[in-house]
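Trainee: Provided below for reference: sequence and predicted model.
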Amino acid sequence: MRVGVSAHAADAAAAARDFLDRLHRGALTTDVVCGPHAAVNLLAAAAIWARLPIAERELREDVLKLKPVRSGG
């Protein structure tokens, strides 16, 4: 199924609105927990690969994950 650019833009706008709403309400917590096992933080792995100064412990630290928001239907 092919999705038009306008659908991607609408999804991105909906995600941004949801993020800002949660931020303003002080409810910026993750929707997804990887327990009981820890997931590998790919953002930290990419930063280490790019030789950015980052602590290796961040490889196992969770990142904020928000469930998708439905825009429209």
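Mentor: Thanks, I have it.
Trainee: which residues of this structure score low on pLDDT?
Mentor: Along the chain, the parts satisfying pLDDT under 70 run over 1-5, 68-73.
Trainee: domains of it?
Mentor: The chain breaks down into these domains under automatic domain parsing: 1-30, 32-62.
Trainee: how far does the first one sit from the chain's center?
Mentor: The one in question is domain 1-30. 10 Å (CA atoms, centre = their mean, to the nearest Å).
Trainee: using the three-state scheme, assign residue 20.
Mentor: helix (DSSP: H, G, I helix; E, B strand; the rest coil).
Trainee: which stretches in the protein count as helices?
Mentor: Ranges of helices within the chain are 5-25, 42-49, based on DSSP state H.
Trainee: circling back to that earlier point, export the domains of the chain as JSON lines, with columns for mean neighbour count.
Mentor: C-beta: built from backbone N, CA, C; applies to glycine. Converted to JSON lines, those look like this (neighbours: other CB atoms under 10 Å):
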{"stretch": "domain 1-30", "mean neighbour count": "11"}
{"stretch": "domain 32-62", "mean neighbour count": "12"}
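Trainee: can you tell me the closest non-neighbouring residue to the one residue sitting closest to the centre of the chain?
Mentor: When CA atoms, centre = their mean is applied to the chain, the residue found nearest the centroid is residue 65 (4.1 Å). Nearest residue to residue 65, sequence neighbours excluded (CB to CB, 6 or more residues apart in numbering): residue 32, at 4.1 Å.
Trainee: isn't the residue nearest to the centre of the chain right next to residue 28, touching?
Mentor: No. Using CB atoms under 8 Å, residue 65 is not in contact with residue 28, being 11.4 Å away.
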